[in-house]
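Q: give me the fold of what follows.
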Amino acid sequence: MAIHNKSFYSNLNLQTGGFPSWDSISDEEWQNVLSNYVFKIADSFAFDNVFKKEDLFPDGLNYFTDWALDIVGLAEADGDVVCKFQLNKNCRDKLLEYEFAVHHFESEKFHNYYEFDFLYFFSNNRLIATYINHESEIMFHDLNDDEAALIETLEPHIKASFVDTSVFIAVVKANRQS
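A: All right, here's what the predicted structure looks like:
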C-alpha cells in the first residue's frame, strides 16, 4: 500500500514568475472539502495550542459554549501535544461555518477576535490533515490508497485544487534556485 501526501490550494498556479500562488479558500470550497472528503476519513479534530477543553474559553470567550466538545484524548500534531475532540455532528456543523476560526466577542485582551492558526484532523491516532488558516491551505498526511482515491470522487473544480505535496515542494525549491 502506498502513502500519499496531498495539499489543497484554491486556484493554485505553479507557473507564476516567482513562487506558486493561490487564493483564499472560499466558503463553498471549505464546505465541499470537509463534507465530501475530510468528514469521510476523519473521526476527531484538534486546535493548535489547545491542551484541554478550558483552553477554548479564555477570558470570558463563550464562542464554544454551544459546541458538543467530547474529548477523545491527547495526540501529537506537528511536534506538539493537543486535545482531540470527537468529530460529532454538532462539531461538523460548526466547522462547516468557515468563519469559525475568526469571530468577534467582547474582550480587551484579544481585540475582538480569536484565531486558530492550525486545525488538525485525525483518523484514530493518525494525523491525516492540517488546515493552516493564515496560509489558506490544507495539507493531507500519509493517506492510504483508499483515502487518496476518494479525492477522485470530488467535483472537478475541487479535485483540481489537490496537488501532490512533493510536486509543490519541488516547484518552490526550483523557484528558489532561479
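Q: quick one: the helix or strand harbouring Tyr120 to chain centroid distance?
A: Tyr120 belongs to strand 118-123 when elements are defined using DSSP states H and E. In terms of Cα atoms, centre = their mean, to the nearest Å, the centre of strand 118-123 is set 6 Å apart from its chain centre.
Q: okay, the angle between the helix or strand following that strand and strand 118-123?
A: Counting by DSSP H and E, the next helix or strand C-terminal to strand 118-123 is strand 126-132. If you take axes from the mean of the first three to the mean of the last three Cα atoms, to 10 degrees, strand 126-132 sits at 160 degrees to strand 118-123.
Q: so which residues make contact with strand 126-132?
A: For strand 126-132, the surrounding residues in contact (Cβ atoms under 8 Å, 6 or more residues apart in numbering) are 38, 41-42, 75-78, 117-122, 137-143, 147. Any C-beta I mention is one placed from the backbone N, CA and C, and that applies to glycine too.
Q: mind exporting the C-alpha coordinates of the helix or strand hosting Phe140 to CSV?
A: Assigned by DSSP H and E, Phe140 belongs to strand 137-143. What follows is strand 137-143, C-alpha atoms only, in CSV (Å, rounded to 0.1, in the frame of the first residue of the first chain):
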residue,chain,number,x,y,z
GLU,A,137,-4.0,25.6,2.7
ILE,A,138,-5.0,22.1,3.8
MET,A,139,-2.2,19.5,4.0
PHE,A,140,-3.1,15.8,3.9
HIS,A,141,-0.6,13.5,5.5
ASP,A,142,0.1,9.8,4.9
LEU,A,143,-3.1,9.0,3.2
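Q: Phe8 reaches Ser136, doesn't it?
A: No: assessed by Cβ atoms under 8 Å, Phe8 is found out of contact with Ser136, at 9.3 Å.
Q: which of these two has more neighbours?
A: Taking neighbours as other Cβ atoms under 10 Å, Phe8 and Ser136 compare with Phe8 leading, 25 against 17.
Q: list phi and psi for that one.
A: Dihedral pair for Phe8: phi -110, psi 120, per degrees, to the nearest 10.
Q: gap between it and Tyr131?
A: 9 Å (Cβ to Cβ, to the nearest Å).
Q: find residues that contact each of those two.
A: Residues touching both Phe8 and Tyr131 (Cβ under 8 Å, 6+ apart): 137-138.
Q: tell me where this protein has strands.
A: Counting by DSSP state E, the chain has strands at residues 4-13, 21-23, 44-47, 71-77, 80-86, 118-123, 126-132, 137-143, 162-164.
Q: so what secondary structure elements neighbour the worst-scoring helix or strand of the chain on mean pLDDT?
A: For the chain, using mean pLDDT, DSSP states H and E, the weakest element among its helices and strands is helix 165-177, scoring a mean of 83. Contact here means 3 or more Cβ pairs under 8 Å, 6 or more residues apart in numbering; DSSP states H and E; on that basis helix 165-177 packs against strand 4-13.
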